[in-house]
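*Asks:* the following block contains a protein sequence and its predicted model.
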Amino acid sequence: MSSEAFEATRTGYGRGLLAAGKKNENIVSLEADLGASCKTAEFKTEFPERSFNLGISEQDMICTAAGMAAEGKIAFAATFSIFTERAFEQIRNSVARQNLDVKIMGSHSGLHTGEDGSSAQTVEDISIYRTLPNMNVVVPADFVEGEAATLAAAETSGPFYLRFGRNKTPVIYDENYKFELGKGSILKDGSDITIIACGVLVSESLKAAEILEKDGISARVVNMSSIKPIDSELIEKCANETELIVTAEDHSIIGGLGSAVAEVLSERRPTRLVRIGVQDVFGESGSPEELYKKYGLDAESISEKLKEEVK
Amino acid sequence: MEIDALKEKARQVRRDIVQMVYDAKCGHPGGSLSAVELLCSLYYNAAKVNPKNPKDESRDRIIYSKGHACPALYAILGDLGFFPKSEFKKFRKLGGLLQGHSDIAVPGVEMSAGSLGMGLSFAHGMALARDIDRKNHYVYAFLGDGECQEGQVWEAAMTAGSMKTRNFIAIIDRNQIQNDDFVKKTKDLSPLVEKWKAFNWHTIKVENGHDFEEILSALEDAKKLDGPVAIIANTRKGYGVSFMELNPKFHGMAPSDEEFKKAMEELK
């Protein structure tokens, strides 16, 4: 990790949106009464004529964005990840099916959302969005990647689901980082096991790898922020080079990164897989740290589990 | 186009609708037949469309939200030359252009529909994009009345009413019947005109949505108003074929051989 800095990935969205808006006058920003939380304020100040608050009506927001995209705009539509799901059918039928330039920003995802409790803690969004044809799904690991992925979405045609977090998490990358859709990256090399992670679990996995190192277990950590398209070559390479593959995500173990990696492995190179994630349950209120400990997503829990797995 | 010529177009469009659904052995004749005069008024008179260049920047946008009733739309677009009429025979068939619900792959179709309630938002997005670009074309959204039971319609109505969006006209085909039964027996929309008014829309009621003079006059009035306009047009589902008229059975069913012959006889 480059520093001790902490920042929320959603702040990276705000930065990326503003930067994209400055580069391209076709960028428009839509929100549904959660603009402040989704960090669209700077874009709104700079480009008021390209900013739209649709009020508390996510279905309307998504189809309005689709209509604008049909007219050549690149429409970013931001709300909490849970409320994007309210408009799932609109996303399927109006956005994905017509392959339009709508970029859906889902903030406050996963158990890391914390005190708000299970109603907001989406643990199924990656799963549902990656099943849609044409849809790209990206889960930035930190603030820097949040900005980079937002910019990349602006410059890549087609629909995106971008998953962000509410709370500050470690900054992993430096300002020179370049995001590449469909590519995973090895953040730390290792020879015994590979932990393939996304989102907040990337920094937790890096910490877990440090703990494992002291016990003589060499863990490789891969940031698989691009869940669709996924980097099948890198997954296969890791399976060739380390004996155990582990996935780690703040999301249900059903349908998310764990499933995506399992699909690649079982077709290309059957390998033993351990899925760390939310074990088919809903969350609850608590601090992110408490929740991560209770649900086995923090560095200590990950390292403990993996020590048992490699015994 | 003169009224007599429009009436002749309407007759031919109805024949094409019945033929298409009969050939496909499935589809939605009722809501197609109710929309004929409203759609003909738009496409042949009130709206600016360009079959030679379907994506002409200056065209008016017509967003057809009741996508199940696409045979009416396809019949008109085919007649205008957006695509060859030979496609009618392949409606709903594998490899054909004309999908079972209206689809943007078809030249002249602005939005893929099929799920009700999405078209008004989509059309409004197109109107907002137009206003950013400082253009002046009209955006029309074409909805069914049963469709107005979808909450999203009222989300979009509230948005456009609140933003006072100009050159934005919704046309509601008030054909009285939805999939299962009459609208008023299912979930009554009355008073529908007052509902749109309460959402800060101008409203124009068309007493007879099969009367060209009344429809054309409503469309001309709507174009002059500042802010969003809802035209609520009373129609009869299945209009033009006696045994389909106001008969819920023909929302989504093809005529039998006998019924087909009888319908075509009536539409001579």
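*Replies:* Sure, I can see it.
*Asks:* write out the residues of the stretch 101-250 of chain B neighbouring chain A.
*Replies:* Residues of the stretch 101-250 of chain B found near chain A (C-beta under 8 Å from any C-beta of the partner chain) are B:104, B:110-112, B:114-115, B:117-119, B:121-130, B:132-133, B:151-152, B:155-156, B:158-159, B:162. In this view, the C-beta of every residue, glycine as well, is placed from N, C-alpha and C.
*Asks:* at 7 Å instead, please
*Replies:* Taking C-beta under 7 Å from any C-beta of the partner chain as the contact definition, the stretch 101-250 of chain B meets chain A at B:104, B:111-112, B:114-115, B:118, B:121-126, B:128-130, B:132, B:152, B:155-156, B:159.
*Asks:* next, the residue of the stretch 151-300 of chain A found nearest chain B: phi, psi?
*Replies:* In the stretch 151-300 of chain A, the residue that lies nearest chain B is A:P159 (13.5 Å; C-beta to the nearest C-beta). Main-chain dihedrals, A:P159, degrees, to the nearest 10: phi -80, psi 150.
*Asks:* okay, and for the stretch 1-150 of chain B, where does confidence drop off?
*Replies:* Nowhere does the stretch 1-150 of chain B drop to pLDDT under 70.
*Asks:* any idea which element whichever residue of chain B sits closest to chain A lies in?
*Replies:* For chain B, the residue closest to chain A is B:G125, as judged by C-beta to the nearest C-beta, at 2.4 Å. B:G125 is located in helix B:119-132, with elements delineated by DSSP states H and E.
*Asks:* list the contacts for B:I231?
*Replies:* Going by C-beta atoms under 7 Å, 6 or more residues apart in numbering or on different chains, B:I231 touches B:169, B:171-172, B:204, B:206, B:218, B:222.
*Asks:* and B:A129, how close does it get to A:L162?
*Replies:* With distances taken as C-beta to C-beta, to the nearest Å, B:A129 is found 22 Å from A:L162.
*Asks:* run a quick neighbour tally on the residue in chain A positioned nearest to chain B.
*Replies:* Proximity of chain A to chain B (C-beta to the nearest C-beta) peaks at A:G67, 2.4 Å away. A:G67 is flanked by 34 other residues according to other C-beta atoms under 10 Å in any protein chain shown.
*Asks:* hmm, B:A123 and it touching each other?
*Replies:* Yes - counting by C-beta atoms under 7 Å, A:G67 touches B:A123, with 6.2 Å between them.
*Asks:* circling back: chain center to the helix holding B:G125: distance?
*Replies:* Distance of helix B:119-132 from the chain centroid (C-alpha atoms, centre = their mean, to the nearest Å) equals 18 Å.
*Asks:* quick one: residues in contact with the helix or strand just after that helix.
*Replies:* Following helix B:119-132 in sequence order, the next helix or strand is strand B:139-144 (DSSP H and E). With contacts defined as C-beta under 7 Å, 6+ apart, strand B:139-144 is touched by B:31, B:42, B:47, B:60-66, B:119-120, B:123, B:126-127, B:130, B:153, B:167-173, B:175.
*Asks:* quick one: low-confidence parts of chain A?
*Replies:* Across chain A (using pLDDT under 70), the flagged ranges come out as A:1-3.
*Asks:* ranges for the helices of it?
*Replies:* A:9-23, A:41-46, A:58-70, A:81-86, A:88-90, A:125-130, A:143-155, A:200-214, A:232-241, A:257-268, A:288-294, A:299-310 (DSSP state H).
*Asks:* show me where the stretch 51-200 of chain B has strands.
*Replies:* B:61-64, B:139-144, B:168-174 (DSSP state E, counting those that start in this stretch).
*Asks:* tabulate these in CSV, adding columns for mean neighbour count.
*Replies:* Below are the strands of the stretch 51-200 of chain B laid out as CSV (neighbours: other C-beta atoms under 10 Å in any protein chain shown):
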stretch, mean neighbour count
strand B:61-64, 26
strand B:139-144, 28
strand B:168-174, 28
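*Asks:* is it correct that the residue of the stretch 151-300 of chain A closest to chain B is in contact with A:V137?
*Replies:* No - assessed by C-beta under 7 Å, A:P159 is found out of contact with A:V137, at 9.8 Å.
*Asks:* joint contacts of the two?
*Replies:* Shared contacts of A:P159 and A:V137, defined by C-beta under 7 Å, 6+ apart, are absent.
*Asks:* how about the residues of chain A near chain B?
*Replies:* Contact residues, chain A versus chain B (C-beta under 7 Å from any C-beta): A:49-50, A:52, A:54-55, A:57, A:59-60, A:63-68, A:70-71, A:73, A:89-90, A:93-94, A:97-98.
*Asks:* write a ChimeraX command that selects only the buried members of those residues.
*Replies:* This is the ChimeraX syntax for the buried subset of the residues of chain A next to chain B, where burial follows 16 or more other C-beta atoms under 10 Å in any protein chain shown:
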select /A:50,52,54,57,59,60,63,64,65,66,67,68,70,71,73,90,93,94,97,98
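*Asks:* looking at B:A129 and A:L162, which one has more neighbours?
*Replies:* Neighbour count, other C-beta under 10 Å: between B:A129 and A:L162, A:L162 has more, with 30 against 23.
*Asks:* contact partners for that one?
*Replies:* So A:L162 contacts A:13, A:103-106, A:138, A:149-150, A:153 (C-beta under 7 Å, 6+ apart).
*Asks:* redo those as JSON lines? Include neighbour count.
*Replies:* Below are the contacts of A:L162 laid out as JSON lines (neighbours: other C-beta under 10 Å):
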{"residue": "A:Y13", "neighbour count": "29"}
{"residue": "A:K103", "neighbour count": "32"}
{"residue": "A:I104", "neighbour count": "28"}
{"residue": "A:M105", "neighbour count": "31"}
{"residue": "A:G106", "neighbour count": "27"}
{"residue": "A:V138", "neighbour count": "27"}
{"residue": "A:A149", "neighbour count": "29"}
{"residue": "A:T150", "neighbour count": "29"}
{"residue": "A:A153", "neighbour count": "29"}
